[in-house]
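In: test case, fold it:
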Amino acid sequence: MLIKYNEPLANHTTFKIGGPARRLLFPESRAEFLDTLRDCPDALILGKGSNVLAPDGGVDKDVISTLLYNEITLDGNAVTAACGATLATLANFAAENSLSGLEFASGIPGTVGGAVRMNAGAYGGEMSQTVSSVEVYSKGEVLTVADSGFSYRHSRYVDSGEVILSVTLTLTPGVTSEIIALQQEYNRRRRDKQPLEYPSAGSSFKRPQGHYAAELIDRAACKGLQIGKAQVSEKHAGFIVNLGGASASDVEALMALVSERVFEQSGLVLEPEVVRL
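Out: Below is the predicted model of the structure:
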């Protein structure tokens, strides 16, 4: 197993922010992942780090990366993916096997485990529409969960302490060329609308019921607002981007200021979507 000592988390998050972890461990199989969880019960779990803000001072803990535990298998219309498989790889695997239902996920820069934990979604699709069961590690036991308690950008795993090991999804037979065409269309829209040229953690805030966070932020005159090297994107107000050298404290201060201005302008409270590690 690969182990990195005092490894900067900035190297392992899409925000490119974060100090060192005591150890960063990379199990490469289910057995190795389970052994690592048992040996390091207080470790933090990190996938691709695409929805994470890591602290400037790092974490004095072990961090387990799921990225090398990434097998994907097929049984009819059911696809089972290890938690470290990326959504892009999973969506492409489904397309190659003429299975529809994950087109929305092809451009989301995260892993299966993280996506199920937060019920990730885009373009009208979300993980809850495809997930049939989840294998978890909890208190030394491996369990199969049939009801993940999904809601908007939330699942039972946010609160339960269960570690997602693998996910089984039930998909729908389709035409490969049509599936790929839809993936390409969604990815084109993403490139056109989102500030992919800068490091970020995706959408900074959840969508309040009946509203869009980006519209509320724009109306509160926050587009382009900047603290340090963290900026509310001028291209898409729902994103806070790292212009180069932004700190976690810059991002946190900017999120607090945006929330304050949106509340003053609209009376609505924005809930962060970014997870603080």
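
In: surely residue 252 is in contact with residue 55?
Out: No - in this structure residue 252 lies outside contact range of residue 55 using C-beta atoms under 8 Å: 9.4 Å. C-beta here means a position set from N, CA and C on the backbone, and glycine is covered the same way.

In: would you verify that residue 24 is located in a helix?
Out: No - looking at residue 24 with DSSP: H, G, I helix; E, B strand; the rest coil, it is strand, so not inside a helix.

In: what's the burial count for it?
Out: Neighbour count of residue 24, defined by other C-beta atoms under 10 Å: 23.

In: now do the contacts for it.
Out: 3-5, 7, 9, 12, 46, 62-63, 65 (C-beta atoms under 8 Å, 6 or more residues apart in numbering).

In: for residue 115, same thing?
Out: Neighbour list for residue 115: 87, 105, 108, 127 [criterion: C-beta under 8 Å, 6+ apart].

In: how many residues are close by the third one?
Out: Neighbourhood size, residue 108 [other C-beta under 10 Å]: 25.

In: pretty sure residue 148 belongs to a helix, no?
Out: No - read with three-state DSSP, residue 148 is coil and lies in no helix.

In: can you offset everything so residue one is 465?
Out: OK, 465 is where the count begins now, so the last one is residue 612.

In: surely it meets residue 592?
Out: Yes - between residue 612 and residue 592 there is a contact at 7.2 Å, judged by C-beta under 8 Å.

In: quickly list what the closest residue to residue 609 other than its chain neighbours is bridged to.
Out: Of all residues not flanking residue 609 in the chain, residue 598 sits nearest, at 4.6 Å (C-beta to C-beta, 6 or more residues apart in numbering). Judged by DSSP bridges, the bridge partners of residue 598 are residue 609, residue 631.
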